[in-house]
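In: Mind looking at a prediction? Sequence and model below.
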Amino acid sequence: MKINSKVVVIGNGHFGNATAQGLQGGFVEGEDGVCTACDVVQVPAREFFNQSVADMAAELRDAAFVCFCGTNLPTYANNLALAIQQAARQSMGPALEFIDFSNPDPALEKGDVSGAIDLWRALEAQGSLNEVTPSKKGGSAIKVWKVTELGSVDVAGIVGNTFGLVYGSHPGGVPNLLIPGLSLKSAGPKADLFEEARTRIHERSAIDRW
């Protein structure tokens, strides 16, 4: 099966532009180890989410990865999950994967902590396809990842090799998305999306106490 190479970056601004820039020299790695150069499509978050679910799904069709670089993901989670499910029905190739690269302003962070969790829960609740039906063992086949410890410069590949920590709906794994100068490293075998949220809350609490 031919691996899809389309990567949709949702969000403009410094972080979204850096992510798109980094991915332009990146690759999607298939299960057989074959790498295909990324075909990057970047869309402004506000423009994307102002569309109907059907129109969002059309933009996500045949994507290997969807990279979110905006804010307020909890607000959009349900409609985005519906769009992802519709895109999955219409796409050829493996199920797409979602990566929350968001690096929100600290003033807005409290509302964004649960974003990846909210999307994952919505996908689980809405799972209706055989290939993405939730199961008690593995959950939805559509993987949801949260990548932390990165700045715009890191993702753009302007500096030397750096690491991003990965939490996900499939703990212990990492996305098969290869970005030059950036290594994605699992935060641990039990590093699920809830662990990332707990870590961020604890870090924020430490900063607030200081």
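Out: Nice, thanks for sending it over.

In: Okay, helices next: where are they in the chain?
Out: 13-23, 45-49, 53-60, 73-90, 115-126, 152-156, 193-209 (DSSP state H).

In: Tell me how far the fifth one lies from the chain's centre.
Out: Chain-centre distance of helix 115-126: 12 Å, with CA atoms, centre = their mean, to the nearest Å.

In: List the residues that contact Gly11.
Out: 19, 42, 44-45, 68-70, 102 (CB atoms under 8 Å, 6 or more residues apart in numbering). The way it works is simple: take the backbone N, C-alpha and C, and place the C-beta from them, glycine included.

In: now, which of those residues sits nearest Gly181?
Out: Thr19 (12.8 Å; CB to CB).

In: Quick check: the gap between the closest one and Gly70.
Out: 11 Å (CB to CB, to the nearest Å).

In: cool, and Ala187?
Out: Taking CB to CB, one finds Ala187 at 22 Å from Gly70.

In: Of Thr19 and Gly70, give the one with the bigger neighbour count.
Out: Thr19 (29 against 24; other CB atoms under 10 Å).

In: give the contact list for that one.
Out: 9, 11, 67, 69, 101, 155-156.

In: Taking those together, which two end up most distant?
Out: Gly11 and Ala156 (14.0 Å).

In: dump the residue contacts of the residue most central in space within the chain.
Out: Closest residue to the average C-alpha location of the chain: Ile99 at 1.0 Å, with CA atoms, centre = their mean. Ile99 sits next to 65-68, 145-147, 175, 177 when contact means CB under 8 Å, 6+ apart.

In: which ones among the residues you listed are found in strands?
Out: Residues of the contacts of Ile99 located in strands (DSSP state E): 65-68, 145-147, 177.

In: ok, of the residues you listed, which one's closest to Pro94?
Out: Relative to Pro94, the closest of these is Phe65; by CB to CB it sits at 10.6 Å.

In: From Ile179, how far off is that closest one?
Out: Taken as CB to CB, the span from Phe65 to Ile179 is 11 Å.

In: same deal with Val9?
Out: Using CB to CB, which is the criterion applied here, Val9 is 12 Å from Ile179.

In: Next: Gly115.
Out: In terms of CB to CB, Gly115 sits 21 Å off from Ile179.

In: Looking at these two, which has the bigger crowd around it?
Out: Gly115 (26 against 22).

In: Quick check: that one touching Phe101?
Out: No. Judged on CB atoms under 8 Å, Gly115 makes no contact with Phe101 at a distance of 11.0 Å.

In: pLDDT value on Phe27, please?
Out: For Phe27, the pLDDT comes out at 96.

In: For it, which residues are in contact?
Out: 35-38, 177-178 are the contacts of Phe27 under CB under 8 Å, 6+ apart.

In: so which of those is the most crowded?
Out: Busiest of these [other CB under 10 Å] is Cys38, holding 23 neighbours.

In: And the pLDDT at it?
Out: Reported pLDDT for Cys38: 96.

In: Could you pull up the contacting residues of it?
Out: Cys38 touches 5-7, 23-28, 177, counting by CB under 8 Å, 6+ apart.
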